[in-house]
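[1] below: sequence and its predicted model.
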Amino acid sequence: MRSQPVSMHGVYHPPCSAQKQVATLTVLPDDRLQLTFAPEGNASEDRAFLEAQSVETEGALDNRVVQTVPASSVTIDPPLGRLPMKVIWPDGALFIPNDASACAAALAPALPARFGFRLHRLERHWPMIGVSLMVTLLLCIGFFTHGIPWLSRALVVAIPSPVAQHVGEHVLDALDDHFLLPSQLSKAQQQAVRAQFEALQAQLGPFPVPPRLLFRASESGPNAFALSDGTVIVLDSLVTLAETPAQLESVLLHELGHVQHEHVMQAMVRSALLSVSVMVITGESSGVIESLSGAGVFVMSQGYSREAEEEADAYAATHMRALYGTVTPMKAMFEALHESVVTPEDDEEAVPQWLMTHPRLAERIEALGE
Amino acid sequence: MENQIRFYGRGGEFFGIWIVNILLSVVTLGIYSAWAKVRTKKYFYGNTELGADRFDYHGQPLQILKGRIVAIICVWVWVLSSNTLPLLSGVLMLLFIALMPWLIVCNTRFDARMTSYRNVRFNFIGTLGGAYMVFLGWPAALFVLFGGSMALAANLPMALAGVLGLVIAVVAFIGYAWIAMRSSAYFVNGYRYGNRPFTAALTTRAYVKTYLVAGALGAALSLVMVLIMGFSVGVSALTQLAHGSEALSAGALIFMGLFFYISMFVVMLVVSGFVHARIRNYVFSQVSIEGEPAYGLGSRMTAGGLVMLHLTNFLLALVTLGFGRPWIMVRSARYVADCTVVYGDLSQLTAQGEHFGDDSAIGDEMANAFDLDMGIG
């Protein structure tokens, strides 16, 4: 409760009108506000006009009218930066004080404190800003290194297996159309490898999707793929490259590792998550940031892909040890694969690690240990 | 009488607001982002001054939140389906195209109604039919005409096909310029300030002229880029040959790829900046805000100024890893304000406004989402 009424001058806009009039706002001791202004023409004398107002209005001297309302019925926008203060009158009229800080001080006792005021202080409090910056930075980094992979893993479990089936079939069709040729291996060779595959499957326990083996040929180097529906594709050139059954099995185990950990579906969910996150964070850009983000997303995907390869390698190594007591056949296979694709002039060092989908060969061999 | 629009926002000041927006949005898993958007818009509108008065933004956080939730669900469905079920995503794409004009009208009307100057709100009364004609109807017609004529030309003898091809190209070019003109005309003529309509009479000629000059500029720049690339790669290839290896190393290939990407980006930036500035200047010069007295608009954007703005913004974003965004937003707003004037005596300004209730923000948020305009900042 204050003892003296406080007045301040400012600009008045009638409701829904661009007219501008000089006005005075007075804060009365009983927490009521009074607005004094001179409307157009002789309206102060016009009874009809006075009665038509939705707010208690009285005529006064000098062609002016006085409107009185309880303080709680006006709206004030929460403070923001150095924006001028606005008092919104119950009938939609606007009063803009000439001295915003004096007005705020005068109105403060009459109006309850609101979240907006605390927020305003927060936005100008430099230590708080510094903390927000740090926290945001850490959260961003944490989200991309741990949050997204965790979320992808969790979501993959939620996705029904028909989706994984469908996607796998779709990818296989695309591969068969453009990239893969029918296998040239003899029936006997295929039988032998299939027997190995099924023996491994029996010893490895349940998979999220039942694995199956397919043979294909391709003009590109020896390779093997895992698809989201559990299909493992082995190229002829890989079968002929393996010198011992154990070496071939190390590759089969690596691919089964991808199937076990659902890497393929995870990659898909992850790329969707990544795209959406980057979109959300860098929104409202000039288009330039979006192109950059595309490059950033690509680099990040390559990083996740390397993690998946490391996980599959670890899976294969564990089971090689369990079955054979050694990872030497696996190392030998890596070496053989590397030699078959790399020519003497190539320099693996020329392509930066962060652009590669697989970790460097030397690192993969080292990770096997023993 | 010329009234310069001024922007009083400051980068450092907005940074505080922006970073707290982000922190609270992350902590609330995105829910606060609707309040953040309102605060950001209020900051930018409230710091924009014309005559001695400021603009204001009246969007309500709750309606924006509802709109965002709907938009995010749609984006999710779209992203997942395009990765797993191409048929479904194809259907969704068609649906989106069919709804696009409606979304554009909703978006424009919502943005207009949430903006006020001197206690009077703007409005947008462009018709839905008009939107469908301009954004779907005419482009589709042009596309069919173009495609049909090309198919026809393929069946004709060489010389005749060449001539027809040339004629088609010219007609398509003019048609494209005409459609661009009609879109601008649709938007401008739909705006109102309270009860005062915006009107503008636009000609196709201005658009054709702008595109021709832009095309020439783009061609010249691309030529320069190709020459630079050819020269630098040629030099490195020569030095490699001198050292004995015959093929280009991986490094040179990466360099070429990177250079191509960057130069394409630069050329696009310059050409689009040029077109944007010229068209904006033209359209604004034709606008009249009807009433007694009428007001006019003026725009003094330069292609060079705009391109420099985009380029420096890009570098700033790069150097600060995106955290310079508040400064980028503020300087862009200041540049646009500095380029814009209103002609007329503002002391005589009268207008009768309307009170707009709780408009749905769904259309606005959907349009924003699929324009990739979904920031939490």
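    Here it is on my side, so go on.

[2] from here on, just use CA atoms for contacts and neighbour counts.
    Will do.

[3] for the stretch 1-150 of chain A, what spans make up the helices?
    Under the criterion DSSP state H, counting those that start in this stretch, the stretch 1-150 of chain A contains helices at A:47-52, A:100-107, A:115-124, A:126-142, A:148-158.

[4] to chain B, which of the ones you listed lies closest?
    If you check each of these against chain B by C-alpha to the nearest C-alpha, helix A:115-124 wins as the nearest, at 4.7 Å.

[5] between that closest one and helix A:126-142, how many degrees?
    80 degrees (axes from the mean of the first three to the mean of the last three C-alpha atoms, to 10 degrees).

[6] mind listing what's buried in helix A:115-124?
    Buried residues in helix A:115-124, counted by 16 or more other C-alpha atoms under 10 Å in any protein chain shown: A:119, A:120, A:122, A:123, A:124.

[7] one more: stretch A:205-220?
    For stretch A:205-220, by 16+ other C-alpha under 10 Å, it's A:209, A:211, A:212, A:213, A:215, A:216, A:217.

[8] name the nearest of those relative to chain B.
    Closest approach between those and chain B, by C-alpha to the nearest C-alpha: residue A:209, at 17.1 Å.

[9] A helix includes that closest one, no?
    No. Counting by DSSP: H, G, I helix; E, B strand; the rest coil, residue A:209 is not found in a helix; it is coil.

[10] so it is in contact with residue A:259, correct?
    Yes. Contact criterion C-alpha atoms under 8 Å: residue A:209 and residue A:259 qualify, at 7.5 Å.

[11] find residues that contact each of those two.
    Counting by C-alpha atoms under 8 Å, 6 or more residues apart in numbering or on different chains, the shared contacts of residue A:209 and residue A:259 are residue A:230.

[12] which of the buried residues of helix A:115-124 lies closest to residue B:56?
    Among these, residue A:120 lies closest to residue B:56 (C-alpha to C-alpha), at 17.9 Å.

[13] which residues does residue A:57 contact?
    The contact partners of residue A:57, by C-alpha under 8 Å, 6+ apart, come to A:50, A:51, A:65, A:66, A:67, A:68.

[14] now with 10 Å, please.
    Counting by C-alpha atoms under 10 Å, 6 or more residues apart in numbering or on different chains, residue A:57 touches A:34, A:35, A:36, A:44, A:49, A:50, A:51, A:65, A:66, A:67, A:68, A:69.

[15] do the same with residue B:295
    By C-alpha under 10 Å, 6+ apart, the contact set of residue B:295 is B:1, B:198, B:287, B:288, B:289, B:342, B:343, B:344, B:345, B:346, B:349.

[16] in those, find the pair that's most separated.
    Using C-alpha to C-alpha, the contacts of residue B:295 span at most 18.6 Å, a distance reached by B:1 and B:198.

[17] interface residues of the stretch 51-200 of chain A facing chain B?
    A:77-84, A:88, A:92-96, A:119-126, A:128-137, A:139-140, A:163-164, A:166-168, A:170 (C-alpha under 10 Å from any C-alpha of the partner chain).

[18] whichever of these end up buried, select them in PyMOL.
    Typed into PyMOL, the line below selects the buried ones among these, using 16+ other C-alpha under 10 Å:
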select buried, chain A and resi 78+79+80+81+83+84+88+92+93+94+95+96+119+120+122+123+124+128+129+132+133+136+139+164+167+168+170
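
[19] for the stretch 51-200 of chain B, which spans come out with low pLDDT?
    The stretch 51-200 of chain B contains residues with pLDDT under 70 at B:83.

[20] can you pull out the helices in it?
    Going by DSSP H, counting those that start in this stretch, the stretch 51-200 of chain B shows helices at B:61-84, B:86-113, B:128-132, B:138-154, B:158-190.

[21] contacts for the shortest one, please.
    With contact meaning C-alpha under 10 Å, 6+ apart, helix B:128-132 is reached by B:98-106, B:134, B:136-138, B:182-183, B:186-187.

[22] quick one, which of those are buried?
    Buried members of the contacts of helix B:128-132, counted by 16+ other C-alpha under 10 Å: B:100-106, B:134, B:136, B:138, B:182-183, B:186-187.

[23] quick check: the two most widely separated of the residues you listed?
    B:106 and B:138 (20.3 Å).

[24] all strands for the stretch 151-300 of chain B, in order.
    Assigned by DSSP state E, counting those that start in this stretch, the strands in the stretch 151-300 of chain B fall at B:191-193, B:196-200, B:287-289, B:295-299.

[25] which of those sits closest to residue A:186?
    When those are ranked by proximity to residue A:186 (C-alpha to C-alpha), strand B:191-193 comes first, at 74.9 Å.
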